[in-house]
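# Next one to model:
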Amino acid sequence: MKPSLVQRLISYITDVHIESVTSDYNETLEVLISHGRYQLCTPNAIYSYADKYDNFRDCFAQLQFERAPIKNVLILGFGLGSIPYMLEKKFYKKYAYTGVEIDDAVIYLASKYMLNELTSEIEMVQADAWSYVVQSGMMYDMICIDIFVDDKIPEVFLTTEFLEATKDLLQPSGLLIYNHLAFLSSDKKSAQQYYDNVFSKVFAQSLPLQVAKNMMMINDKSWLEQK
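Below you'll find the predicted structure:
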């Protein structure tokens, strides 16, 4: 469902409220139109913002996508679908996506407002990301981890066990990106500690990339464009 012209024009002056829902996992989910794009928000976080979801956008802009073939992508924490949206619309990539999202309200909103704008193949799976990772058995060329409840990553997804299980689904030459908040000093400290103590131990060739207000952890620094 595309926003109307009037809605888009107004949204450059002030955010336009479209819909609010509650769920078992999010007390408040709010769909807005901001600067012409759909935005999915909780009280303390932005879950999706089309091609203006700048943490992944700025990360993608620095990657060398031709380093290895990418055909299928796993997204853990789908939101409205900003990742496939920007890869298709802004980076002109055509991949097949599996979106894992535990909240049926988020899946409803993504289906209503975003998925019909995309031509990429997208399979939505309503499941807990941990359960999916340990049971899937599928292999992926790219995995994006974007799991938040409001502005917090649940502790289970910060364990070595979860990261190792996710690594097992990644093709040997594949790309994995893990999004962490790094806005407040406490966020930066937590993200750096996780990178030092967990991520870098699982992925020896990894790199933390500071973009916008986030730290994007990349499994293999050779995916970054050479300067």
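# use CA for all of it now, contacts and neighbours both
Noted.
# and residue 118, what does it touch?
Taking Cα atoms under 8 Å, 6 or more residues apart in numbering as the contact definition, residue 118 lies against 85, 88.
# And it, how far from residue 61?
20 Å (Cα to Cα, to the nearest Å).
# Touching, residue 72 and residue 99? I think so.
No - Residue 72 lies out of contact with residue 99 (Cα atoms under 8 Å); the separation is 10.9 Å.
# which residues make contact with the lowest-mean-pLDDT helix or strand in the chain from outside it?
Within the chain, no helix or strand scores below strand 45-48, which has a mean of 87 by mean pLDDT, DSSP states H and E. Strand 45-48 is touched from outside by 38-41, 79-82, 148, 150-151, with contacts defined as Cα under 8 Å, 6+ apart.
# Next, the buried residues of that strand.
46-48 (16 or more other Cα atoms under 10 Å).
# Identify, from those residues, the entry nearest to residue 179.
Of all these, residue 47 has the smallest distance to residue 179: 11.5 Å, by Cα to Cα.
# that older thread, if you count what's nearby, which of residue 72 and residue 99 comes out ahead?
For the pair residue 72 and residue 99, the greater number of neighbours falls to residue 99 (25 against 17), based on other Cα atoms under 10 Å.
# That one belongs to a helix, doesn't it?
No - Residue 99 is assigned strand when assessed by DSSP: H, G, I helix; E, B strand; the rest coil, not a helix.
# quick one on the thing from earlier: okay, and which of the contacts of strand 45-48 map to strands?
The strands, defined by DSSP state E, take in 38-41 from these.
# would TSV of those with distance to residue 186, pLDDT and neighbour count be doable?
Below are the ones in strands among the contacts of strand 45-48 laid out as TSV (distance: Cα to Cα, whole Å; pLDDT from 0 to 100; neighbours: other Cα atoms under 10 Å):
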residue	distance to residue 186	pLDDT	neighbour count
38	29	93	27
39	26	92	26
40	24	94	25
41	22	91	19
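# Count the neighbours of residue 196 for me.
Residues lying near residue 196 (other Cα under 10 Å) number 12.
# ok, now residue 135?
10.
# got it, and residue 4?
Residue 4 has 9 nearby residues by other Cα under 10 Å.
# Distance check, it against residue 10.
Counting by Cα to Cα, the gap from residue 4 to residue 10 is 10 Å.
# Show me where the chain has its strands.
16-21, 29-34, 37-42, 45-48, 72-76, 96-101, 121-126, 140-145, 170-181, 207-211, 214-218.
# Single out the most deeply packed of those.
Of all the strands of the chain, strand 214-218 carries the top mean neighbour count, a mean of 25, counting by mean count of other Cα atoms under 10 Å.
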